[in-house]
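> For reference, the sequence and a predicted model appear below.
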Amino acid sequence: MTHSFVVHVPDAELEPEPLSPGQIVSGTPEATGRVVWESPDGRQVRGVWQITPGVVTDTEADEMFVVLSGSATIEVADGPTLTVGPGDLAVLREGDRTTWTVHETLRKAYAINLGQASSTSPAS
């Protein structure tokens, strides 16, 4: 993207981002998302992501996100338990192993910084 832009996050059209069956602990959560900007080297990704209720695990990238709607409890292995809802800004460290219990369909706007050029899903 070569110009500045605006995305109305609550109404952003999202595409399916299937979760790995190994990530699903319980329920039938479904993830969708949309990358709205990616740096030329692939190390910075900005977007919108949503997940329906259920329990999933993930290994995190260096991520900051703001919850627009919904709620979840995020248990960080050997770390804190975070409770997030609308208006909350959260930061996850690269390598954090997390368990997400999604109570209500959660939509977030995120910024991810990757240590190496690659593509990733903000599966949380």
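Cool, got the structure.
> Mind naming the longest strand for the protein?
strand 97-113 (DSSP state E).
> by contact count, what packs against that strand?
Under the contact definition 3 or more C-beta pairs under 8 Å, 6 or more residues apart in numbering; DSSP states H and E, strand 97-113 sits against strand 44-51, strand 54-59, strand 62-76. Placement of C-beta: from N, CA and C, glycine included.
> Now do the shortest one, average pLDDT.
Which is strand 54-59. What strand 54-59 shows for mean pLDDT is 98.
> Alpha carbons only: can I get it in PDB?
Taking Å, rounded to 0.1, in the frame of the first residue of the first chain, the C-alpha atoms of strand 54-59 are listed here in PDB:
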ATOM      1  CA  GLY A  54     -14.200 -21.600  22.100                       C
ATOM      2  CA  VAL A  55     -10.800 -22.400  23.500                       C
ATOM      3  CA  VAL A  56      -7.600 -22.400  21.400                       C
ATOM      4  CA  THR A  57      -3.900 -22.400  22.000                       C
ATOM      5  CA  ASP A  58      -1.300 -20.400  20.200                       C
ATOM      6  CA  THR A  59       2.400 -19.400  20.200                       C
END
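> List the neighbouring strands of that strand plus their orientation.
strand 24-26 (antiparallel), strand 97-113 (antiparallel) (DSSP bridges).
> Ok, which of those comes nearest Pro53?
Of all the strands paired with strand 54-59, strand 97-113 sits nearest to Pro53, with 4.9 Å by C-beta to C-beta.
> That closest one vs strand 62-76, what angle?
Calculated by axes from the mean of the first three to the mean of the last three C-alpha atoms, to 10 degrees, strand 97-113 forms an angle of 170 degrees with strand 62-76.
> in strand 97-113, what counts as buried?
Going by neighbour count (16 or more other C-beta atoms under 10 Å), the buried part of strand 97-113 is 98-102, 105-112.
> so what's the nearest residue to Leu89 once chain neighbours are set aside up against?
Sequence neighbours aside, Val66 is the residue nearest to Leu89 in space, at 5.0 Å (criterion: C-beta to C-beta, 6 or more residues apart in numbering). Going by C-beta atoms under 8 Å, 6 or more residues apart in numbering, Val66 touches Gly87, Asp88, Leu89, Ala90, Lys108, Ala109, Tyr110.
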